[in-house]
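Asks: Sequence and predicted model, in that order:
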Amino acid sequence: MAEDRQTEIRGAFDAAAADFAALGRYLWEPIGAAAVATADPRPGERVLDACCGTGASAIPSARLVGHDGLVDAVDMSGPMIDQLRRLSADLPQLRAHQADVTAWAAESYDVVQSALGIFFFPDMTAGTDHLISRARPGGRAVFTIWRGESMAAAGRHLGRAIAEITNTPPPAPRPPHLLDQVSQAGSYAAWLAERGLADVDVIVSEMALTMTPEVAWLVITGSGFRGALEKVPADKWDTVRELYLASLRDDGVTELDATTLIGSGRRAT
């Protein structure tokens with residue numbers, strides 16, 4: 001079951017790769033920049049960027065570590081990694097890998113970071129523990145997750161649109177997930193401390209995305225929501241878009257909460 005879910009997630013991001021980059025300037029890049037500001041990669045340091053996508057945090061990290069440093073950027077999506085390689089062609093210190101980062105063997109990184117990736121792991125706790133183990137003793141770990149209901153409104157309105165076009169009931173709520181238990185600053189800090197990190201800190205990075213029609217649709221086509229859209233025949237997508245945008249308008253949704261929690265700490269041992 002977990003393997004089927006991972007295949008579904010990878011397929012969604014494979015399909016979203018082109019629009020993922022387009023959405024980046026509005027969403028992924030500011031979130032990645034905030035994560036990198038917390039991680040603070042320095043010249044000559046070694047960085048592992050997990051679930052890197054098209055490089056929202058990997059690329060600025062590579063610029064900061066410079067030619068004497070290294071960034072290993074890892075993602076399971078081949079199209080995402082292909083896009084990252086194109087975007088980072090002038091950064092030889094950035095090495096992009098299509099791989100499962102929960103089985104990544106290299107270690108002793110100065111920084112291990114993941115912007116909006118750890119909750120996609122089949123086992124969020126085990127996957128995060130593995131990432132922390134890739135840092136050197138005293139190395140920094142920085143993991144960004146969504147806060148509370150961030151981004152959820154887009155999924156609800158998409159679900160309504162798809163249900164209407166397919167004449168099916170609205171999708172059931174997703175199964176309970178550890179993310180639901182740790183998506184506030186206090187609970188997230190406690191969970192990271194349980195992972196053995198020292199000096200844990202959680203920053204609430206407030207963000208609201210202005211939902212113009214272009215951006216609102218990119219949120220669907222350039223994110224994990226693409227997986228739900230892919231289940232609809234392509235010739236129905238324009239209608240889904242119209243119904244989705246109308247649903248947002250009817251509910252007065254002009255902004256989308258995209259607030260994140262940036263959790264950081266040091267590997268103690």
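Replies: It's in.

Asks: how about the strands in the stretch 51-200 of the chain?
Replies: Secondary structure of the stretch 51-200 of the chain (DSSP state E, counting those that start in this stretch): strands located at 70-75, 94-98, 109-115, 135-146, 197-205.

Asks: Could you export these as a markdown table, including distance to Leu23?
Replies: Every C-beta, even on glycine, is put in place using the N, C-alpha and C of the backbone. Listed next are these as a markdown table, based on distance: least, Cβ to Cβ, whole Å:
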| stretch | distance to Leu23 |
| --- | --- |
| strand 70-75 | 16 |
| strand 94-98 | 19 |
| strand 109-115 | 14 |
| strand 135-146 | 15 |
| strand 197-205 | 17 |
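
Asks: closest one to Thr128 among those?
Replies: Among those, strand 135-146 comes nearest to Thr128, with 6.6 Å by Cβ to Cβ.

Asks: Name the strands paired with that closest one and say parallel or antiparallel.
Replies: Next to strand 135-146 in the sheet, as set by DSSP bridges, lie strand 109-115 (parallel), strand 260-267 (antiparallel).

Asks: Point out where the stretch 1-150 of the chain drops to low pLDDT.
Replies: By pLDDT under 70, the weakly predicted segments of the stretch 1-150 of the chain are 1-16.

Asks: hmm, back to that, and the strands of the stretch 51-200 of the chain: which comes nearest Pro213?
Replies: strand 135-146 (23.2 Å).

Asks: Of all the residues in that closest one, which ones are buried?
Replies: Residues of strand 135-146 classed as buried: Ala135, Gly139, Arg140, Ala141, Val142, Phe143, Thr144, Ile145, Trp146 (neighbour count, 16 or more other Cβ atoms under 10 Å).

Asks: go on, stretch 37-54?
Replies: Buried residues in stretch 37-54, counted by 16+ other Cβ under 10 Å: 38-39, 41, 45-54.

Asks: I figured Glu149 was touching Asp257, is that so?
Replies: Yes: counting by Cβ atoms under 8 Å, Glu149 touches Asp257, with 6.7 Å between them.

Asks: Of the two, which one has the most company?
Replies: Asp257 (17 against 12; other Cβ atoms under 10 Å).

Asks: Quick check, the more buried one in contact with Ala154.
Replies: No: look at Asp257 against Ala154 with Cβ under 8 Å: they stay out of range, at 9.7 Å.

Asks: List the residues that are in contact with both of the two.
Replies: Counting by Cβ atoms under 8 Å, 6 or more residues apart in numbering, no residue touches both Asp257 and Ala154.

Asks: who's in contact with the residue most central in space within the chain?
Replies: Nearest residue to the geometric centre of the chain (Cα atoms, centre = their mean): Leu116, 2.8 Å. Shown in contact with Leu116 (Cβ under 8 Å, 6+ apart): Trp28, Ile31, Cys51, Thr144, Ile145, Trp146, Thr260.
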